[in-house]
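Chemist: 3D model of this:
(2 chains)
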Protein chains: 2
Amino acid sequence: MTLSQNHPLMDGRTADSALITAYRGRKPERRPVWFMRQAGRSLPEYRKLRVGTEMLESCLRPDMASEITLQPVRRHDADAGIFFSDIVIPLKLAGIEVDIVPGVGPVLGTPVRTAADVRALPKMDDAALDPIREAVAMTVEQLGKTPLIGFAGAPFTVAAYMVEGRPSRDHMGPRTMMHAEPGVWEELANWAADASGAFLRAQIEAGASAGQLFDSWAGSLSLADYTDHVAPASARALDAVRDLGVPLVHFGTGTSELLGAMRDVGVDVMGVDYRLPLDEANRRLGGNIPLQGNIDPALLCAPWEVLEAHVRQVLAAGDTALSHVANLGHGVPPETNPETLTRVVELIHSIPVAGR
Amino acid sequence: MTLSQNHPLMDGRTADSALITAYRGRKPERRPVWFMRQAGRSLPEYRKLRVGTEMLESCLRPDMASEITLQPVRRHDADAGIFFSDIVIPLKLAGIEVDIVPGVGPVLGTPVRTAADVRALPKMDDAALDPIREAVAMTVEQLGKTPLIGFAGAPFTVAAYMVEGRPSRDHMGPRTMMHAEPGVWEELANWAADASGAFLRAQIEAGASAGQLFDSWAGSLSLADYTDHVAPASARALDAVRDLGVPLVHFGTGTSELLGAMRDVGVDVMGVDYRLPLDEANRRLGGNIPLQGNIDPALLCAPWEVLEAHVRQVLAAGDTALSHVANLGHGVPPETNPETLTRVVELIHSIPVAGR
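Modeler: Just a heads-up that it's a prediction; the model follows:
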C-alpha cells in the first residue's frame, strides 16, 4: 500500500515535532520525553475508565483505547502518545484464546509447544485489525502535531508467551525449542513476526508517526542465541513496515550485551534500559544512532532532589549521543505518583537542548 | 575461632579433590562438575523424601538436609555436594516469619520497609545455627574425600526478599531504598550480610570445603548501583569466613556487566551464567581466576547430540581460563530428567583435562 496524500504522515503533521526530530538524529527545539507504560495504571483517570472492562477488551474498544492513549499526553505534556494496547492483541485478533490475568499477565488457553501446534496456528484476517486502525485514527486526530508511537512485541517475547502459555522467569520453553527443534522455532517466530508486523503496520497506516518494537524478554538470551535464532524474526517483523518510512525504535530490558545486535535488525533509534549509562551505550553503538531512555523507574519513588539529580545525569549522558529522547529505562510502575511524572517532564523541558 | 586439628579442613580430606584443585587455580586429574540445585526437585528420591515436610522444615532437620545433599552426589557421581538449604534460612533462624510458598517462593510475614523495621530486626542467636552445623557434619562424614560446598545468599538478594516480602521481577523496593534512604538500606544490607556470613561460617566450620555466595537478583542492578550500594555488603558477608581459608565462589544471573565488580568483593572463583561464553568472561576478568559454569539449563531438554555439542563447547571455552569447574549457568530446572544430568557428568569426566 502507498500512503494516500491525505494520510497523516503525508501532511507533515508531526515531522517537526521534538520527538520525530530527535528520532531522525537532529537536535529538536525542546528535549522530547515520553514514558513507557505512561498510559495505564499509574493514572487515576485510567483506573476509573477501566472499571468493569477487562484489559484486552479495553484495547479493542477504539474509543477506550484512544482515550487511554491520550490521558497521559494531556496530563503530563508528554512529547508523544504511545498507543495503548498489548503485545498479545495480535494473538487475540488471530483467534488465539488469550487473556490478561490480573497479577499474572498474559495467559493462553493452550500453550504452543509442538510442530503440530505451530502448524495449526491461525492466520490473522486483516479486517480483524480494524478496531486498531479506528482507535489510532481517532487518537491522531486528537493529538494534532504530537506524534503517536505505534508498538508491537518482538517475536521472541511474543513466542515466549505462546510456548510457556504464561509469563515465566527464565523462558526455558522457547529457549529449549530454538535448540531442540530449530525449524519449529523458526516457524513459530516467523508467525509471531508476521502477527506483530501486521499489528504495527495497521497502526502506522492509520497515522502513528513512529513504531517501537518491545523485546521484553530478550535479556534472557545469550548474544549467540539472539543473533542466530531471534534477530532474523525481529527483522522480519520490521520488514512489514519499512516501506512506510517512519522511524523505528527497538527496546528490551537486560539487553546491555545485545545492543549492537538489536540495532542491526534495522532500526533508527535504540532504547536503553536503566542498567547501562547512555554514554556507555552510545560508545558501544558507535555514536551514530539516536538513543532513548533511561531514567531508572526505581528512582520515581525517591525524594525529588535524588530523582532530579538522576534525571540530569541521564540527560547529560544522553547528550553524548547523536540525539536523545528522554524516557524511563523500563515501564512506569503502577504505584507511581503521576504528579512526579509531570514534574519530570517539566524539568526535562526546562533544560535547553545541548548543542543547538 | 581457630579450626581444631581434627577439623575436616585440617586433615586435608578434600584438598586433592578435583573440585578444590580447580578452585585453587590448578589443573585437576579429572574435570570437576556439579550442578547448582542438583539437590532438589529433579530427583524422584528427593520428592519422595519431602512428602509431608515443608521446604524450610526439611532444611532444618539435619538428617533430611544431609540426605538430600547426598542424593545427587551418589546418583550423578558429582564432584561436590552443595549443602541443601535456602537463602532465607538465616532469616528464619533469626526469628523472622518466612515460608516458602509452593509456586511462589519465599514469602515474609511482614516486609521490611522502614528505618524502624530495619532497626527492629532481631539478632541471630549463634545456637540457632546448630541444626545447620549438625547437618553439615553428618554430610561431610558421608562424603569422605568429596568436598561439600557451603552456600549463602548475597545481601542484595536476601534484602530484596525482605523489602518486597516475596519474589518480584524488578526488585523496585530495594532498588528505590538504596537511593531514597541510603543509610537505611546500608543498615539492612549489613544485617543481611551478617546473617548470611554467620550461616556460611557455620557450614564451613562444620566441614564444608568451599563457600558460594549466590546473588540471584544482582542482574537487576546497574554497575554503579552494584558497586556503590551492594558490593560493600557482599564483601562484609565474606569477611565473616575469610580467616577459614576455604575457596570462595561468587555467582549471579544476568551479571555479565558486573563480573569484575563481583570478583572484586574478594572471591577466588567466579561463577558465570549461561548468557556469557566462558572465554569472553575470562577475557573480561583478566585471565587469572578460575571459572565455574555455564551449561545452558535450557539445553538439558534438547536431544542428546545437541546437548553434548553444547557441553563440549562450554568445556573448550572454559579451557581458556586458569582452571574450570563445569556447572550449569543457572539452577537445575525441576522438570529435568536426572538421567540426563548423570550422562552429562559421565561425558565431562570422559574428556581429559586440557594442559595437564
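Chemist: Every contact and neighbour count from this point should use C-alpha atoms.
Modeler: Will do.
Chemist: can you list the residues of the stretch 101-250 of chain A near chain B?
Modeler: When proximity is defined as Cα under 8 Å from any Cα of the partner chain, the stretch 101-250 of chain A approaches chain B at A:172-173, A:175-177, A:179-180, A:219-223.
Chemist: which residue sits farthest out from the middle of chain A?
Modeler: Taking Cα atoms, centre = their mean, the residue of chain A most remote from its mean C-alpha position is residue A:116, at 30.7 Å.
Chemist: where's it, which helix or strand?
Modeler: Element membership for residue A:116, per DSSP states H and E: helix A:115-119.
Chemist: average pLDDT across that helix?
Modeler: What helix A:115-119 shows for mean pLDDT is 97.
Chemist: Show me how far that helix is from its chain's centre.
Modeler: Here the centre of helix A:115-119 is set off from its chain's centre by 28 Å, with Cα atoms, centre = their mean, to the nearest Å.
Chemist: In that helix, which residues are buried?
Modeler: If you call a residue buried by 16 or more other Cα atoms under 10 Å in any protein chain shown, then helix A:115-119 has these buried ones: residue A:118.
Chemist: my guess is residue A:297 meets residue A:327, correct?
Modeler: No - counting by Cα atoms under 8 Å, residue A:297 sits too far from residue A:327 to count as a contact (9.7 Å).
Chemist: Assumed residue A:326 was part of a helix.
Modeler: No - Residue A:326: not assigned to a helix; according to DSSP: H, G, I helix; E, B strand; the rest coil it is strand.
Chemist: residues near the closest residue to it other than its chain neighbours, how many?
Modeler: Using Cα to Cα, 6 or more residues apart in numbering or on different chains and skipping residues adjacent in sequence, the residue nearest residue A:326 is residue A:33, 4.5 Å away. Counted with other Cα atoms under 10 Å in any protein chain shown, residues neighbouring residue A:33 total 24.
Chemist: So residue A:33 is in contact with residue A:345, correct?
Modeler: Yes - shown here, residue A:33 and residue A:345 form a contact pair, counting by Cα under 8 Å, at 6.6 Å.
Chemist: tell me, what's touching these two both at once?
Modeler: Common neighbours of residue A:33 and residue A:345, using Cα atoms under 8 Å, 6 or more residues apart in numbering or on different chains, are residue A:78.
Chemist: before we move on, back to that, which residues does the residue farthest from the centre of chain A contact?
Modeler: For residue A:116, no residue meets the contact criterion (Cα under 8 Å, 6+ apart).
Chemist: ok, residue A:50 touching residue A:59?
Modeler: No - if you go by Cα under 8 Å, residue A:50 and residue A:59 don't touch, sitting 10.4 Å apart.
Chemist: neighbour-wise, which of those two wins?
Modeler: Taking other Cα under 10 Å, residue A:50 and residue A:59 do not tie; residue A:59 has more neighbours (22 against 17).
Chemist: For that one, list the residues it contacts.
Modeler: Here residue A:59 is in contact with A:65, A:84-86, A:89 (Cα under 8 Å, 6+ apart).
Chemist: Now render the residues you listed as JSON lines, adding pLDDT.
Modeler: What follows is the contacts of residue A:59, written out as JSON lines (pLDDT from 0 to 100):
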{"residue": "A:65", "pLDDT": "98"}
{"residue": "A:84", "pLDDT": "98"}
{"residue": "A:85", "pLDDT": "97"}
{"residue": "A:86", "pLDDT": "96"}
{"residue": "A:89", "pLDDT": "98"}
